[in-house]
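# Have a look at this prediction, sequence included:
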Amino acid sequence: MLQTYNLGPPLNRILILSVFVVASCGLAYELIAGALTSYLLGDSVLQFSTIIGCYLFAMGVGSHFSKYVKEERALTAFVEIELLVGLIGGLSATLLFLVFAWAATPFRSVMYALVFVIGVLVGMEIPLVMRVLNTRQAEFKELVSRVLTFDYLGALAVSLLFPLVLAPHLGLARTGLLFGALNAAVALWTCWSFRHEVIGMAGKLTRAAVVLLVLVVAFAFSDRMTTLAEKGLFGDDTIHAETTPYQRIVVTKWHDDMRLYLNGNLQFSSRDEHRYHEALVHPVLAAMPWAKRVLVLGGGDGLALREILRYPNIEHVTLVDLDPAMTKLFSSAAPLVALNQGSLKNPRATVINADAAQWLESNSEVFDAIIIDFPDPTNFALGKLYSVPMYRLVARHLSENGLAVVQSTSPYFAPNSYWCVDVTLHEAGFHTWPYHAYVPSFGEWGFILAAKHDHYRPPEQYALKMQFLDATSTQLMFLFPPDMQRRQVEPNRLNTQSLVHYFEADWHNVIR
């Protein structure tokens, strides 16, 4: 395309090709801010919506400010702006991560301030390039066509590369630094190519080289900076951290306590995870000594699977988890394999990496028990997994006498969310038996057992040896004290996603 498209004289081509790079960088900083804030704060729709709005408004402000740049300084100003965008935008993800880890309170203020500043600078880029080209006798209609074509092409390129290649393989911090270096390289390239026109060319070249060097060094040491931030955020030593296309996975260790965090949210502590997983699995399977086939949705750490495989009557378990990085980690890292007792490699288990809803739609198998162990509904992507249509899909795969169980957040800290899951299951046609257990790392935690029939009774004894459960504790789990009683809430339907709103409001009240 570049060979057939008329870009004009060589120096004009340099400027127009620069538009492709700076457009890519500008969109990248916007995507990084949205993704990072969604990881740390949840509610991706709110985060991306407000960030895009702030960014576009700031770009409008920048476009307005560009008219105050004198004509003879337009090219020089473009170089200076590229250096500022490269430095601020390139370091933005690392800075936001550090702010959240070490002083979470001002995080939103710092984030919006950075988005606004970067937006203003990016908004000045294209008007300045067009003014420079206009002074070089470029025809206006050709000028607009060329600049906007490469502007949109750059945006398309990064919108595809960011989720498919850059974020999963480089991580957000390194991706930001990479694009910052590209901005600095554009400044260096432009400064040298137009060395007879850039005011103070020698100084600009020096500053461009310094900024580029800073960003390259930061790129090389970004893992150390991220580890430092995560130590401040999680408190313990990080033994594994990776960003996948779906989430940020962090495993920490302090003495004998290993912890898993997904997008900054604690998933388990090895000291007390037995309480959670015994409560999740055994009230179902101990009541079904005849069960042979079990489906696990979520649970990529293999801990619920470990408990299921303790039953000799279980012939096969299918585990469906979205993220292959998660199941690979917990089937290969020695300390984590020891924790789940190699359940993910057990010959009675089949691990499938797929979207749970899509897998249910495309599969026709029926199971005696279904264990649903998804992360909390912190955003709309997760909220759909707790919806009426999702539970109707689950019902299609559950035998008439089978039982399902859903981890359902905390009935104490998030009561509206908890009872929303219950009423959603009712809406999908299930009979339900809500229950709860105390897990020290989480506090009071909730589960909801569901079936097509109405004759479930909690187990009065367990054939297997338990660390936590016995007949008395099991009976108590199904009793709710006055401060955890049922709430009048709406079911979680796809078009409203009330559960996500309940969840955000519940936990906002807890941390307020």
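Everything's here; your move.
# Next up, phi/psi of the closest residue in space to residue 253 that isn't next to it in sequence, please.
In space, and not counting its chain neighbours, residue 253 is closest to residue 239: 4.9 Å by Cβ to Cβ, 6 or more residues apart in numbering. For the C-beta atoms, the positions are set from N, CA and C on the backbone; glycine is no exception. Dihedral pair for residue 239: phi -100, psi -10, per degrees, to the nearest 10.
# Residue 388 now?
Per degrees, to the nearest 10, the backbone of residue 388 is at phi -60, psi -50.
# For it, give me its contacts.
424, 427-428, 491-494 (Cβ atoms under 8 Å, 6 or more residues apart in numbering).
# Provide a list of residues in contact with residue 76.
So residue 76 contacts 198-200, 204 (Cβ under 8 Å, 6+ apart).
# repeat that with 10 Å
Residues near residue 76 by Cβ atoms under 10 Å, 6 or more residues apart in numbering: 69-70, 128, 132, 190-191, 194, 197-201, 204.
# Which helix or strand in this structure has the lowest average pLDDT?
Ranking every helix and strand in the chain by mean pLDDT, DSSP states H and E puts helix 222-234 at the bottom, with a mean of 67.
# If you count neighbours, what's buried in the lengthiest helix in the chain?
Counting by DSSP state H, the longest helix found in the chain is helix 10-41. By 16 or more other Cβ atoms under 10 Å, the buried positions in helix 10-41 come out as 12-16, 18-41.
# Tell me where the stretch 201-350 of the chain is predicted with low confidence.
227-236 (pLDDT under 70).
# and residue 485, how many neighbours?
10 (other Cβ atoms under 10 Å).
# This protein - how does it break down into domains?
10-228, 231-267, 273-511 (automatic domain parsing).
# tell me the average confidence for the strand or helix carrying residue 149?
Applying DSSP states H and E as the criterion places residue 149 in helix 140-161. Averaged across helix 140-161, the pLDDT comes to 76.
# re earlier: against which helices or strands is the longest helix of the chain packed?
helix 44-65, helix 74-102, helix 107-135, helix 140-161, helix 167-193, strand 248-254 (3 or more Cβ pairs under 10 Å, 6 or more residues apart in numbering; DSSP states H and E).
# and if we set it to 6 Å?
Packed against helix 10-41 by the contact rule (3 or more Cβ pairs under 6 Å, 6 or more residues apart in numbering; DSSP states H and E) you find helix 44-65, helix 74-102, helix 107-135, helix 140-161, helix 167-193.
# hey, least reliable of these by pLDDT?
helix 140-161 - the lowest mean pLDDT of the helices and strands packed on helix 10-41, at a mean of 76.
# Distance-wise, check residue 117 relative to residue 155.
Per Cβ to Cβ, to the nearest Å, residue 117 is found 20 Å from residue 155.
# ok, now residue 298?
35 Å.
# between those two, who's got more neighbours?
Using other Cβ under 10 Å, the more surrounded residue of residue 298 and residue 155 is residue 298, with 22 against 17.
# so that one makes contact with residue 371?
No. Between residue 298 and residue 371 there is no contact under Cβ atoms under 6 Å: 8.4 Å.
# coming back round to it: so among the contacts of residue 76, which ones count as buried?
Buried by 16+ other Cβ under 10 Å: 69, 128, 132, 190-191, 194, 197-198, 201, 204, out of these.
# Save those as a markdown table, and put in distance to residue 107 too.
Listed next are the buried ones among the contacts of residue 76 as a markdown table, based on distance: Cβ to Cβ, whole Å:
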| residue | distance to residue 107 |
| --- | --- |
| 69 | 33 |
| 128 | 32 |
| 132 | 38 |
| 190 | 34 |
| 191 | 35 |
| 194 | 40 |
| 197 | 42 |
| 198 | 38 |
| 201 | 40 |
| 204 | 34 |
